[in-house]
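Q: Fold the stuff below for me.
(chains A, B, C and D)
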2 protein chains.
Amino acid sequence: MDDIVEMAETLKLIADRTRLTILALLRERELCVCEIVEILETTQPNISQHLRKLKIAGLVSEARRGQWVYYSLSITKVPYIQAVMGYVPSIKGSINALNLDCITNDCCE
Amino acid sequence: MDDIVEMAETLKLIADRTRLTILALLRERELCVCEIVEILETTQPNISQHLRKLKIAGLVSEARRGQWVYYSLSITKVPYIQAVMGYVPSIKGSINALNLDCITNDCCE
DNA sequence: TGACCACATAATCAATTGCTTATATTATTA
DNA sequence: TAATAATATAAGCAATTGATTATGTGGTCA
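A: Take a look at the predicted model:
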(Lines give C-alpha, C1' and ligand atoms only; values in the text may rest on other atoms or scores of the structure.)
Protein backbone atom coordinates (compact mmCIF):
# COMPACT_ATOMS: atom_id res chain seq x y z
CA MET A 1 0.00 0.00 0.00
CA ASP A 2 3.09 2.21 0.33
CA ASP A 3 3.32 2.53 -3.42
CA ILE A 4 -0.11 4.15 -3.52
CA VAL A 5 0.85 6.62 -0.81
CA GLU A 6 3.95 7.59 -2.74
CA MET A 7 1.92 7.90 -5.92
CA ALA A 8 -0.57 10.21 -4.22
CA GLU A 9 2.30 12.40 -3.07
CA THR A 10 3.66 12.71 -6.59
CA LEU A 11 0.21 13.39 -7.98
CA LYS A 12 -0.09 16.33 -5.58
CA LEU A 13 2.64 18.01 -7.59
CA ILE A 14 0.50 18.16 -10.71
CA ALA A 15 -2.74 18.70 -8.82
CA ASP A 16 -2.05 22.41 -8.63
CA ARG A 17 -3.06 24.92 -11.26
CA THR A 18 0.24 26.77 -11.23
CA ARG A 19 2.47 23.71 -11.40
CA LEU A 20 0.30 21.95 -13.96
CA THR A 21 0.43 25.05 -16.14
CA ILE A 22 4.19 25.27 -15.75
CA LEU A 23 4.53 21.69 -16.96
CA ALA A 24 2.20 22.42 -19.86
CA LEU A 25 4.36 25.40 -20.81
CA LEU A 26 7.60 23.44 -20.58
CA ARG A 27 6.12 20.85 -22.89
CA GLU A 28 6.30 23.45 -25.65
CA ARG A 29 9.86 24.45 -24.99
CA GLU A 30 12.30 25.16 -22.18
CA LEU A 31 11.73 28.45 -20.41
CA CYS A 32 13.60 30.63 -17.97
CA VAL A 33 12.01 31.67 -14.69
CA CYS A 34 11.24 35.21 -15.76
CA GLU A 35 9.37 34.00 -18.82
CA ILE A 36 7.16 31.76 -16.71
CA VAL A 37 6.59 34.62 -14.28
CA GLU A 38 5.45 36.84 -17.12
CA ILE A 39 3.11 34.28 -18.64
CA LEU A 40 1.48 33.30 -15.36
CA GLU A 41 1.34 36.88 -14.14
CA THR A 42 2.57 36.15 -10.66
CA THR A 43 5.66 36.86 -8.57
CA GLN A 44 9.11 35.45 -9.17
CA PRO A 45 9.47 33.81 -5.74
CA ASN A 46 6.16 32.06 -6.28
CA ILE A 47 7.34 30.44 -9.50
CA SER A 48 10.76 29.68 -8.05
CA GLN A 49 9.22 27.72 -5.22
CA HIS A 50 6.93 25.74 -7.47
CA LEU A 51 9.90 24.93 -9.70
CA ARG A 52 11.87 23.76 -6.70
CA LYS A 53 9.16 21.25 -5.78
CA LEU A 54 9.02 19.99 -9.34
CA LYS A 55 12.81 19.75 -9.45
CA ILE A 56 13.02 17.77 -6.20
CA ALA A 57 10.52 15.30 -7.62
CA GLY A 58 12.59 15.08 -10.76
CA LEU A 59 9.83 16.35 -13.04
CA VAL A 60 11.91 19.26 -14.35
CA SER A 61 15.59 19.84 -14.78
CA GLU A 62 17.49 23.09 -14.81
CA ALA A 63 20.32 24.47 -16.86
CA ARG A 64 22.04 27.71 -15.98
CA ARG A 65 23.01 29.85 -18.94
CA GLY A 66 24.57 33.10 -17.88
CA GLN A 67 22.18 34.93 -15.61
CA TRP A 68 19.27 32.78 -16.63
CA VAL A 69 18.20 29.40 -15.39
CA TYR A 70 16.28 27.43 -17.97
CA TYR A 71 13.89 24.74 -16.93
CA SER A 72 12.79 21.83 -19.05
CA LEU A 73 10.55 18.80 -18.67
CA SER A 74 11.95 15.48 -17.49
CA ILE A 75 8.90 13.39 -16.80
CA THR A 76 9.89 10.30 -18.74
CA LYS A 77 10.82 8.47 -15.53
CA VAL A 78 7.33 8.85 -14.09
CA PRO A 79 4.99 7.09 -16.50
CA TYR A 80 1.69 8.10 -14.92
CA ILE A 81 2.68 11.76 -14.92
CA GLN A 82 3.59 11.44 -18.55
CA ALA A 83 0.23 9.80 -19.18
CA VAL A 84 -1.66 12.69 -17.59
CA MET A 85 0.38 15.27 -19.48
CA GLY A 86 -0.90 13.70 -22.67
CA TYR A 87 -4.34 15.02 -21.72
CA VAL A 88 -3.34 18.54 -20.71
CA PRO A 89 -4.51 20.99 -23.36
CA SER A 90 -1.88 22.92 -25.25
CA ILE A 91 -1.15 26.50 -24.32
CA LYS A 92 1.12 27.37 -27.17
CA GLY A 93 -0.79 30.63 -27.45
CA SER A 94 0.56 31.90 -24.14
CA ILE A 95 4.12 31.32 -25.26
CA ASN A 96 3.61 33.04 -28.57
CA ALA A 97 2.06 36.03 -26.84
CA LEU A 98 5.13 36.11 -24.63
CA ASN A 99 7.44 36.38 -27.59
CA LEU A 100 5.54 39.39 -28.90
CA ASP A 101 5.71 41.09 -25.52
CA CYS A 102 9.41 40.44 -25.28
CA ILE A 103 10.10 42.62 -28.27
CA THR A 104 8.88 45.62 -26.34
CA ASN A 105 9.66 44.40 -22.82
CA ASP A 106 13.19 43.25 -23.59
CA CYS A 107 12.60 40.40 -21.17
CA CYS A 108 15.19 37.62 -21.25
CA GLU A 109 17.27 38.73 -24.20
CA MET B 1 -6.18 28.08 -19.54
CA ASP B 2 -9.41 27.35 -17.68
CA ASP B 3 -9.27 23.73 -18.76
CA ILE B 4 -5.99 23.28 -16.96
CA VAL B 5 -7.37 24.81 -13.79
CA GLU B 6 -10.31 22.44 -13.88
CA MET B 7 -8.00 19.53 -14.56
CA ALA B 8 -5.84 20.43 -11.56
CA GLU B 9 -8.96 20.49 -9.38
CA THR B 10 -9.94 17.01 -10.50
CA LEU B 11 -6.43 15.71 -10.04
CA LYS B 12 -6.57 16.88 -6.42
CA LEU B 13 -9.19 14.22 -5.84
CA ILE B 14 -6.79 11.42 -6.63
CA ALA B 15 -3.77 13.19 -5.13
CA ASP B 16 -4.77 11.95 -1.69
CA ARG B 17 -3.68 8.65 -0.21
CA THR B 18 -7.09 7.76 1.18
CA ARG B 19 -9.06 8.60 -1.95
CA LEU B 20 -6.54 7.01 -4.29
CA THR B 21 -6.68 3.83 -2.21
CA ILE B 22 -10.48 3.88 -2.25
CA LEU B 23 -10.44 4.07 -6.03
CA ALA B 24 -7.90 1.25 -6.17
CA LEU B 25 -10.17 -0.87 -3.97
CA LEU B 26 -13.27 -0.13 -6.02
CA ARG B 27 -11.40 -1.22 -9.11
CA GLU B 28 -11.49 -4.76 -7.71
CA ARG B 29 -15.20 -4.73 -6.90
CA GLU B 30 -17.91 -2.54 -5.48
CA LEU B 31 -17.75 -2.07 -1.73
CA CYS B 32 -19.99 -0.72 0.98
CA VAL B 33 -18.78 2.04 3.30
CA CYS B 34 -18.18 -0.21 6.27
CA GLU B 35 -15.96 -2.49 4.23
CA ILE B 36 -13.79 0.42 3.14
CA VAL B 37 -13.66 1.65 6.72
CA GLU B 38 -12.41 -1.73 7.86
CA ILE B 39 -9.78 -2.05 5.17
CA LEU B 40 -8.39 1.44 5.61
CA GLU B 41 -8.61 1.26 9.38
CA THR B 42 -10.10 4.69 9.84
CA THR B 43 -13.41 6.19 10.95
CA GLN B 44 -16.70 5.95 9.09
CA PRO B 45 -17.23 9.72 8.77
CA ASN B 46 -13.79 10.04 7.30
CA ILE B 47 -14.55 7.58 4.51
CA SER B 48 -18.04 8.99 3.98
CA GLN B 49 -16.65 12.43 3.35
CA HIS B 50 -14.02 11.22 0.92
CA LEU B 51 -16.69 9.27 -0.92
CA ARG B 52 -18.84 12.36 -1.12
CA LYS B 53 -16.08 14.29 -2.84
CA LEU B 54 -15.50 11.47 -5.28
CA LYS B 55 -19.23 11.24 -5.94
CA ILE B 56 -19.61 14.96 -6.61
CA ALA B 57 -16.81 14.72 -9.17
CA GLY B 58 -18.56 11.75 -10.73
CA LEU B 59 -15.70 9.35 -10.08
CA VAL B 60 -17.82 6.93 -8.09
CA SER B 61 -21.50 6.09 -8.08
CA GLU B 62 -23.60 4.75 -5.25
CA ALA B 63 -26.32 2.15 -5.00
CA ARG B 64 -28.33 1.71 -1.85
CA ARG B 65 -29.19 -1.88 -1.01
CA GLY B 66 -31.05 -2.16 2.25
CA GLN B 67 -29.01 -0.56 5.00
CA TRP B 68 -25.91 -0.58 2.90
CA VAL B 69 -24.70 1.86 0.32
CA TYR B 70 -22.43 0.28 -2.24
CA TYR B 71 -19.94 2.39 -4.13
CA SER B 72 -18.45 1.55 -7.49
CA LEU B 73 -16.05 3.16 -9.94
CA SER B 74 -17.31 5.40 -12.71
CA ILE B 75 -14.19 6.98 -14.12
CA THR B 76 -14.78 6.25 -17.78
CA LYS B 77 -15.90 9.83 -18.40
CA VAL B 78 -12.59 11.26 -17.18
CA PRO B 79 -9.91 9.82 -19.44
CA TYR B 80 -6.87 11.13 -17.61
CA ILE B 81 -8.11 9.71 -14.30
CA GLN B 82 -8.63 6.41 -16.02
CA ALA B 83 -5.13 6.65 -17.43
CA VAL B 84 -3.61 7.20 -13.99
CA MET B 85 -5.62 4.34 -12.48
CA GLY B 86 -3.92 2.06 -14.95
CA TYR B 87 -0.69 2.68 -13.04
CA VAL B 88 -2.04 2.24 -9.51
CA PRO B 89 -0.79 -1.07 -8.09
CA SER B 90 -3.36 -3.70 -7.24
CA ILE B 91 -4.44 -4.18 -3.66
CA LYS B 92 -6.48 -7.30 -4.11
CA GLY B 93 -4.78 -8.64 -1.01
CA SER B 94 -6.53 -6.11 1.23
CA ILE B 95 -9.92 -7.16 -0.06
CA ASN B 96 -9.21 -10.84 0.39
CA ALA B 97 -8.05 -10.24 3.95
CA LEU B 98 -11.31 -8.39 4.52
CA ASN B 99 -13.36 -11.38 3.46
CA LEU B 100 -11.55 -13.58 5.96
CA ASP B 101 -12.16 -11.11 8.76
CA CYS B 102 -15.81 -10.85 7.85
CA ILE B 103 -16.39 -14.49 8.71
CA THR B 104 -15.59 -13.72 12.33
CA ASN B 105 -16.66 -10.06 12.34
CA ASP B 106 -20.00 -10.57 10.64
CA CYS B 107 -19.45 -7.24 8.92
CA CYS B 108 -21.76 -6.43 6.02
CA GLU B 109 -23.61 -9.75 5.80
C1' DT C 1 35.14 46.81 -8.05
C1' DG C 2 30.44 48.01 -7.79
C1' DA C 3 25.91 48.38 -9.73
C1' DC C 4 22.50 45.61 -11.71
C1' DC C 5 19.90 41.61 -13.13
C1' DA C 6 17.95 36.85 -12.60
C1' DC C 7 17.00 33.73 -9.37
C1' DA C 8 16.82 31.36 -4.67
C1' DT C 9 15.67 31.23 0.06
C1' DA C 10 13.41 32.71 4.40
C1' DA C 11 9.70 34.37 7.05
C1' DT C 12 4.99 35.13 7.44
C1' DC C 13 0.03 34.64 6.78
C1' DA C 14 -4.57 33.41 5.14
C1' DA C 15 -6.94 29.72 3.18
C1' DT C 16 -7.61 24.98 2.49
C1' DT C 17 -7.51 20.24 3.88
C1' DG C 18 -8.02 15.81 6.27
C1' DC C 19 -9.35 14.02 10.37
C1' DT C 20 -11.97 13.52 14.76
C1' DT C 21 -16.04 13.84 17.71
C1' DA C 22 -20.80 14.61 17.94
C1' DT C 23 -25.19 14.44 15.95
C1' DA C 24 -28.64 13.59 12.23
C1' DT C 25 -30.91 10.40 8.86
C1' DT C 26 -32.59 6.22 6.80
C1' DA C 27 -33.57 1.40 6.78
C1' DT C 28 -34.22 -3.04 9.23
C1' DT C 29 -36.20 -5.89 12.61
C1' DA C 30 -37.92 -7.45 17.00
C1' DT D 1 -43.29 1.39 17.50
C1' DA D 2 -38.80 1.19 19.63
C1' DA D 3 -34.15 -0.34 19.22
C1' DT D 4 -30.38 -0.96 16.35
C1' DA D 5 -27.25 -0.77 12.37
C1' DA D 6 -25.24 1.70 8.34
C1' DT D 7 -24.44 5.94 6.55
C1' DA D 8 -24.51 11.10 6.15
C1' DT D 9 -23.79 15.63 7.84
C1' DA D 10 -21.99 19.25 10.99
C1' DA D 11 -18.68 21.43 13.87
C1' DG D 12 -14.12 21.99 15.43
C1' DC D 13 -9.14 21.67 15.01
C1' DA D 14 -4.33 20.81 13.79
C1' DA D 15 -1.51 20.52 9.83
C1' DT D 16 -0.49 21.66 5.25
C1' DT D 17 -0.36 24.71 1.37
C1' DG D 18 0.05 28.60 -1.90
C1' DA D 19 1.05 33.12 -1.97
C1' DT D 20 3.33 37.53 -0.54
C1' DT D 21 7.10 40.43 1.20
C1' DA D 22 11.81 40.75 2.46
C1' DT D 23 16.38 39.37 1.93
C1' DG D 24 20.35 36.59 0.20
C1' DT D 25 23.22 34.70 -3.70
C1' DG D 26 25.52 34.30 -8.04
C1' DG D 27 26.49 36.00 -12.65
C1' DT D 28 27.30 40.05 -15.96
C1' DC D 29 29.24 44.21 -17.41
C1' DA D 30 30.57 49.12 -17.28
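
Q: buried sites along stretch A:1-11?
A: A:Ile4, A:Met7, A:Ala8, A:Thr10, A:Leu11 (16 or more other Cβ atoms under 10 Å in any protein chain shown). All C-beta atoms are positioned from the backbone trio N, CA, C, and that covers glycine.

Q: Can you name the residues in contact with that stretch?
A: Residues outside stretch A:1-11 that contact it (Cβ atoms under 8 Å, 6 or more residues apart in numbering or on different chains): A:57, A:78, A:80-81, B:11, B:14-17, B:19-21, B:24, B:84, B:87-89, B:91, B:94.

Q: That one and DNA strand D, any residue contact?
A: No - interface with DNA strand D: stretch A:1-11 contributes nothing (Cβ under 7 Å from any atom of the strand), its closest point being 7.9 Å away.

Q: returning to that earlier point: which of the buried residues of stretch A:1-11 fall within helices?
A: Secondary structure from DSSP state H places A:Ile4, A:Met7, A:Ala8, A:Thr10, A:Leu11 of the buried residues of stretch A:1-11 in helices.

Q: A:Lys12 contacts B:Ala15, doesn't it?
A: Yes - look at A:Lys12 against B:Ala15 with Cβ atoms under 8 Å: they come within range, at 4.3 Å.

Q: And the two? Which one has more around it.
A: Using other Cβ atoms under 10 Å in any protein chain shown, the more surrounded residue of A:Lys12 and B:Ala15 is B:Ala15, with 21 against 18.

Q: what sits against the more buried one?
A: Residues in contact with B:Ala15, defined by Cβ under 8 Å, 6+ apart, are A:Ala8, A:Glu9, A:Leu11, A:Lys12, A:Ile14, A:Ala15.

Q: rerun that using 10 Å as the cut-off
A: Contacts for B:Ala15 (Cβ atoms under 10 Å, 6 or more residues apart in numbering or on different chains) come out as A:Met7, A:Ala8, A:Glu9, A:Thr10, A:Leu11, A:Lys12, A:Leu13, A:Ile14, A:Ala15, A:Asp16, B:Ala8, B:Val84.

Q: Give me the most central residue, chain A.
A: Centroid-nearest residue in chain A: A:Ile22, 2.9 Å away (criterion: Cα atoms, centre = their mean).

Q: For it, give its distance to A:Ile47.
A: Distance, A:Ile22 to A:Ile47, using Cβ to Cβ, to the nearest Å: 7 Å.

Q: Common neighbours of those two, please.
A: What both A:Ile22 and A:Ile47 touch, as defined by Cβ under 10 Å, 6+ apart, is the set A:Leu31, A:Ile36, A:Ile39, A:Leu40, A:Tyr71.

Q: Tell me the one of those residues nearest DNA strand D?
A: A:Leu40 (8.4 Å; Cβ to the nearest atom of the strand).

Q: Count the residues that sit near that closest one.
A: So A:Leu40, with other Cβ under 10 Å, has 18 neighbours.

Q: A:Ser90 too?
A: Here the number of neighbours of A:Ser90 (other Cβ under 10 Å) works out to 12.

Q: Isn't it up against A:Ala24?
A: Yes - with contacts counted by Cβ atoms under 10 Å, A:Ser90 reaches A:Ala24, the gap being 7.3 Å.

Q: For chain A, list the residues in contact with DNA strand C, please.
A: A:32-34, A:37, A:44-45, A:47-49, A:51-52, A:62, A:67-70, A:107-108.

Q: So which of those residues are in helices?
A: A:Val33, A:Cys34, A:Val37, A:Gln44, A:Pro45, A:Ile47, A:Ser48, A:Gln49, A:Leu51, A:Arg52.
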